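# fold the following for me, if possible:
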Amino acid sequence: KWEERGGGQTEEALAGIDRQDPYLRALATFFRRLGSSSVFYHDYWELHPKHWSSQETGMPRPGFGHTNITTAAALGMLGNSGDTYFTEQQGGQLCDITRSHDSKRDLRTGFFKINKKLAISGVNMTNEVLKEQFRGGATLSINKAGYVWPWMADICRLAMGALGLYANINLYATREGTPVAIPAHNDRQDVFILQLEGHKRWVLYKPIEALPTYEQERGKDHNGAMEKDELTSARRTHDLVLSPGDILYVPRGYVHETSTVSEKYLTAHPLEPRDSHSVALTLGLETATL
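Sure thing, here's the model as predicted:
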């Protein structure tokens, strides 16, 4: 079980991937080729999603996963800032908020568990907190993950050098059997998903807003949840499962939702892994700022 696993408190486990690792070298080759590919820019860029399997790209299996996260938590590397938070599936409730005696700011005494919204924690991200939240079906999100694991910042540099756009990288970890890992939403960035460990199902829908700006994003804390009638089967374009080493390009504006379990999908695709946890990176390119 996800919450029962632990990691050793060693620098080797914390680092996860050496900067000369074959996975990083393969990513450098991938983005370099992509940056000079007229086919990608003509047929896919900001038009259509594109999935590359590890078999197609020859990408080696990444040497990073849940153990590295628990090690970082044990060493106090995850911190307690708003850049590390949880999202929750259906049924989340607001936590209690108390007012500080010596300040006008609010103190968060628990977790914001808001259905289809981002949730910001107010306590240190220890392994006990991780276990509690994973047990409840929450997804761990770490924005600017390169501050915790420097090799992830190297991925940003690789992408920026090859594609010429500012990049940021986030980490998402979800335990097995989670029907809603990240609720339906769109992004103002073009994103590349790098699956590191386990498997995750992605369902994509045609954009509701073409090439959205910040104000046109949907399904996030600043603009409310997506309505069910907006996610019709007629708008669905992709339904796929990512495996370690896979890469998925999602153009800005495409609505997407993720999970780590779907009986209906797995019945129709019996060869896919069943009920798997997931650790993945999202590389966001700030196209809209140009």
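
# tell me which stretches of this protein form helices.
For the chain, the helices defined by DSSP state H cover 11-15, 22-35, 38-43, 54-57, 66-74, 127-135, 150-163, 263-268.

# and the second one, what other elements does it pack with?
It refers to helix 22-35. Judged by 3 or more Cβ pairs under 8 Å, 6 or more residues apart in numbering; DSSP states H and E, the packing partners of helix 22-35 are helix 150-163. All C-beta spots, glycine's among them, are computed from the backbone N, C-alpha and C.

# the helix it packs on to helix 22-35, inter-axis angle?
20 degrees (axes from the mean of the first three to the mean of the last three Cα atoms, to 10 degrees).

# buried residues in helix 150-163?
For helix 150-163, the neighbour count (16 or more other Cβ atoms under 10 Å) marks Trp151, Met152, Ala153, Asp154, Ile155, Cys156, Leu158, Ala159, Ala162, Leu163 as buried.

# chain neighbours aside, what residue packs nearest to the third one?
So the one you mean is Ala153. Gly146 (2.9 Å; Cβ to Cβ, 6 or more residues apart in numbering).

# ok, the one you found to Leu158 distance?
Computed as Cβ to Cβ, to the nearest Å, the Gly146 to Leu158 distance reads 12 Å.

# hang on, the earlier thing: show me what contacts the residue nearest to Ala153?
Residues near Gly146 by Cβ atoms under 8 Å, 6 or more residues apart in numbering: Met152, Ala153, Asp154, Ile155, Cys156, Ile169.

# and the third one, what pLDDT?
In this prediction, Asp154 carries a pLDDT score of 91.

# measure Arg235 to Met226 for me?
Distance, Arg235 to Met226, using Cβ to Cβ: 11 Å.

# oh sorry, the question was meant for Ala159
Counting by Cβ to Cβ, the gap from Ala159 to Met226 is 28 Å.

# pLDDT below threshold where in the stretch 101-250 of the chain?
Residues of the stretch 101-250 of the chain that meet the criterion pLDDT under 70 lie in 101-123, 220-225, 227-228, 233-234.

# make it 80
For the stretch 101-250 of the chain, the stretches flagged by pLDDT under 80 are 101-125, 179-183, 214-215, 217-234.

# which one among the buried residues of helix 150-163 gets closest to Ile69?
Nearest to Ile69 out of these is Met152 (Cβ to Cβ; 12.3 Å).

# for the closest one, give its distance to Thr282.
Taking Cβ to Cβ as the measure, Met152 falls 11 Å from Thr282.

# quick check: neighbours shared by those two?
Taking Cβ under 8 Å, 6+ apart as the contact rule, the neighbours common to Met152 and Thr282 are Ile169, Leu171.

# how far away is Asn168 from Asp190?
12 Å.

# I meant Ser141, not that one.
Distance of Ser141 to Asp190, given as Cβ to Cβ: 19 Å.

# beta-bridge partners for the residue lying closest to Gln189 once chain neighbours are set aside, please?
Distances taken as Cβ to Cβ, 6+ apart put Gly284 closest to Gln189, at 3.8 Å, once the chain neighbours are dropped. On the basis of DSSP bridges, Gly284 is bridged to Asn168, Val191.

# do I have it right that Gly284 meets Tyr166?
No - using Cβ atoms under 8 Å, Gly284 makes no contact with Tyr166, being 9.0 Å away.

# which pLDDT value belongs to Thr98?
Thr98 is given a pLDDT of 32.

# just Gly79 next, same as before
On pLDDT, Gly79 comes in at 71.

# return the residues in contact with it.
With contact set as Cβ under 8 Å, 6+ apart, Gly79 has these partners: Asn124, Met125.

# switch to 7 Å and redo it
Residues counted as contacts of Gly79 (Cβ atoms under 7 Å, 6 or more residues apart in numbering) are Met125.

# again with Arg61
Going by Cβ under 7 Å, 6+ apart, Arg61 touches Pro244, Gly245.

# any idea how far it is from Ala26?
Distance of Arg61 to Ala26, computed by Cβ to Cβ: 10 Å.

# ok, back up a step: test my guess that the residue nearest to Gln189 contacts Leu163.
No - using Cβ atoms under 7 Å, Gly284 is not in contact with Leu163; the gap is 11.8 Å.

# report how many residues lie close to Gly76.
Using other Cβ atoms under 10 Å, Gly76 has 11 neighbouring residues.

# wait, I meant Leu165
If you count neighbours by other Cβ under 10 Å, Leu165 ends up with 16.
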